[in-house]
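**Q** give me a model of this one.
(2 chains)
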Amino acid sequence: MTSPSPAPSIAPHTVGEAMLPRPYRVSSRRMETGDTVTLEMVPDDGKGLAFLPGQFTMVYVFGIGEVPLSISGTPRDPGTLVHTVRSVGAVTRAIVALEAGDPIGVRGPYGTGWPVMEAAGRDVLLVAGGIGLAPLRPVLYEVMANRDRYEAVSLVYGSRSPADLLFDDELHTWRSRFDMEIEVTVDRSDAGWFGDVGMVTGLLPRVPFDPANTIAMLCGPEIMMKVVAGELGAEGLGAEAIYVSLERNMKCAIGFCGHCQFGPDFLCRDGPVVPYSRVADRLRVTGL
Amino acid sequence: MNLEALRSSSPLLTKLSNTELAFFESVSQEVHLSSGEVLFEEGSQADNFFIISQGKVGLEITTPGKPPMIIQTLGPGDLVGLSWFFPPYRWNWHARAMADTSLVAFDAVAVRRKCEENRDLALEVLGVVASELAARLHRTRIQLLDLYQAP
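**A** Model prediction:
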């Protein structure tokens, strides 16, 4: 087996640099669903942003505010920053309304990445729910770019309805590949839907993975991740081989302000991607 | 028909002893449906139950003048039909093939009769059906939370 290519190098930040947004400009905009867009952004200074799949940036809409957003593009094109954003509040509403040419500020990238390198030589199981497919898309790009380095690769994706599915065209393209398994399900079907209906856990028996040699990466609502992790555990997959992406109220993004504290971790610095074994107990504590 | 190939993927068949499996084989037959064909209709007598060997079955609820709404889909290894085990033995949903689908159909009347005679077998079957019901209830509860809606 060949060894995986080295991770992109991430330049260290000073605190001052880390808090200063770099000017970017929206280069393209694609509506994914009724409330979600994918924006491509390019830096004004032309200097690209190396990142690891799973990392996030702080995106600043001037005069409105800043939010953490997971990167949804490929690490192989650091010159283009891609975010898939759902309109859920004042800042994300403003981001979703941005058009090509509009300015925006970007800090980062920050946080931990998915264990793409560690998964080499193993089965890779991705389970996404709703907007949670966006932070996992860079993993798919990386795994597909180095497909021979991995054993069975599967994506199980759950969405609220067919109209809420992200990356529809790419899902079709990925499904047409013979070297990965894609299973998609919705909570509520409509008249034109011929796919699966039900929770993502119902599809887990359909995808191939060896519990003794699998890395699972889960991204979606925490309840969904807990349930999926529980079912994978029942199949024999150890909690240390399951990774989840957790979100809290990230503000500074460099582990200073404490807004995103989750037990002993600051999720902006120690997360968002963490082994399930580290947080499983905390995810049962209502006070955290 | 020979159920050995299906055994590892079906929780029901996995639990059966070789003798019990032989009985189930004796009351089973293969069924093939084209995509769109109805397997059973809501309200009709639940005299069979099924295990999917390949393809997909959708459980639907229908109302006059509206297209059917799929509430759950089932795939290879899944048990189709639970109402056959409980009086009044009538289907609660429509079941329709959503792709070309092969299933093993079991004579539910014969299995119920055998369960009356053999309480150990009845407990095995009840355990599988109850486990399946619990799993479906669990998933349904999670679905009811509507987790993917915007916060």
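
**Q** and residue 131, what does it touch?
**A** As the question left the chain open, I've gone with chain A. A:36, A:84, A:86, A:166, A:220, B:148 (CB atoms under 8 Å, 6 or more residues apart in numbering or on different chains). Glycine gets a C-beta too; all of them are placed from N, C-alpha and C.

**Q** the intended chain is chain B.
**A** Residue B:131 touches residue B:11, counting by CB under 8 Å, 6+ apart.

**Q** tell me the SS of it?
**A** Following DSSP: H, G, I helix; E, B strand; the rest coil, residue B:131 is assigned to helix.

**Q** gap between it and residue B:40?
**A** For residue B:131, the distance to residue B:40 (CB to CB, to the nearest Å) stands at 22 Å.

**Q** follow-up on the earlier one: could you identify which of the contacts of residue A:131 has the most neighbours?
**A** residue A:220 (25 neighbours; other CB atoms under 10 Å in any protein chain shown).

**Q** the residue nearest to that one when sequence neighbours are not counted pairs with what?
**A** Distances taken as CB to CB, 6 or more residues apart in numbering or on different chains place residue A:129 nearest to residue A:220, at 2.6 Å, with adjacent residues excluded. In this entry, residue A:129 is beta-bridged to residue A:158, by DSSP bridges.

**Q** where does chain B come near chain A, residue by residue?
**A** B:9, B:56, B:58, B:67, B:69-73, B:75-77, B:98, B:138-139, B:142-143, B:145-151 (CB under 8 Å from any CB of the partner chain).

**Q** roughly how far is the helix or strand where residue A:68 lies from the heart of the chain?
**A** Of the helices and strands defined by DSSP states H and E, residue A:68 is found in strand A:65-70. Distance of strand A:65-70 from the chain centroid (CA atoms, centre = their mean, to the nearest Å) equals 14 Å.

**Q** what's that strand packed up against?
**A** strand A:56-61, strand A:81-86, helix A:90-96, strand A:103-110 (3 or more CB pairs under 8 Å, 6 or more residues apart in numbering or on different chains; DSSP states H and E).

**Q** helices and strands around the second one, which ones?
**A** To tie it back to what came earlier, the one meant is strand A:81-86. strand A:36-43, strand A:56-61, strand A:65-70, helix A:90-96, helix A:133-145.

**Q** ok, residue A:204 to chain B distance?
**A** Applying CB to the nearest CB, to the nearest Å, the value for residue A:204 to chain B is 11 Å.

**Q** from chain A, which residue is nearest to chain B?
**A** residue A:130 (3.5 Å; CB to the nearest CB).

**Q** return the residues in contact with the nearest residue in space to that residue that is not next to it in sequence.
**A** In space, residue A:130 comes closest to residue B:148 once its chain neighbours are excluded; the distance is 3.5 Å by CB to CB, 6+ apart. By CB under 8 Å, 6+ apart, residue B:148 lies in contact with A:129, A:130, A:131, A:158, A:159, A:160, A:164, A:187, A:220, A:221.

**Q** contact residues of the stretch 151-288 of chain A facing chain B?
**A** Counting by CB under 8 Å from any CB, the stretch 151-288 of chain A sits next to chain B at A:158-160, A:164, A:185, A:187, A:189, A:191, A:193-199, A:201-203, A:205-206, A:220-221, A:223-224, A:227.

**Q** just the buried residues of those.
**A** For these, a burial check counting by 16 or more other CB atoms under 10 Å in any protein chain shown picks out A:158-160, A:164, A:185, A:187, A:189, A:193, A:195-199, A:201-203, A:206, A:220-221, A:224, A:227.

**Q** restricted to strands, list the residues you listed.
**A** A:158, A:159, A:185, A:196, A:197 (DSSP state E).

**Q** what's the nearest residue to the residue nearest the centre of chain B if we skip its chain neighbours?
**A** Nearest to the geometric centre of chain B sits residue B:80, at 1.6 Å (CA atoms, centre = their mean). What sits nearest to residue B:80 in space, not counting adjacent residues and going by CB to CB, 6+ apart, is residue B:50, at 4.0 Å.

**Q** one more: residue B:21?
**A** Nearest non-adjacent residue to residue B:21 (CB to CB, 6+ apart): residue B:3, at 6.1 Å.

**Q** where in chain B is pLDDT low?
**A** B:1, B:151 (pLDDT under 70).

**Q** which parts of it are helices?
**A** All helices of chain B, identified by DSSP state H, fall at B:4-7, B:11-15, B:18-26, B:108-117, B:119-144.

**Q** what's residue 85 in contact with, if anything?
**A** With no chain named, the answer covers chain A. Applying CB under 8 Å, 6+ apart to residue A:85 gives the contacts A:36, A:37, A:38, A:39, A:69, A:92, A:95, A:96.

**Q** that's the wrong chain, I meant chain B
**A** Contacts of residue B:85 by CB under 8 Å, 6+ apart are B:49, B:108, B:112, B:125, B:126, B:129.

**Q** what domains does the record give for chain A?
**A** Domain ranges of chain A: A:15-110, A:123-284, per automatic domain parsing.

**Q** just those domains: most buried one?
**A** Highest mean neighbour count among the domains of chain A (mean count of other CB atoms under 10 Å in any protein chain shown): domain A:123-284, with a mean of 19.

**Q** what about that domain, average pLDDT?
**A** The average of the pLDDT scores along domain A:123-284 is 94.

**Q** quick one: distance of that domain to the chain centre.
**A** Chain-centre distance of domain A:123-284: 8 Å, with CA atoms, centre = their mean.

**Q** what packs against the longest strand seen in chain A?
**A** In chain A, taking DSSP E as the definition, the longest strand is strand A:22-33. Applying 3+ CB pairs under 8 Å, 6+ apart, we find strand A:22-33 packed against strand A:36-43, strand A:103-110.
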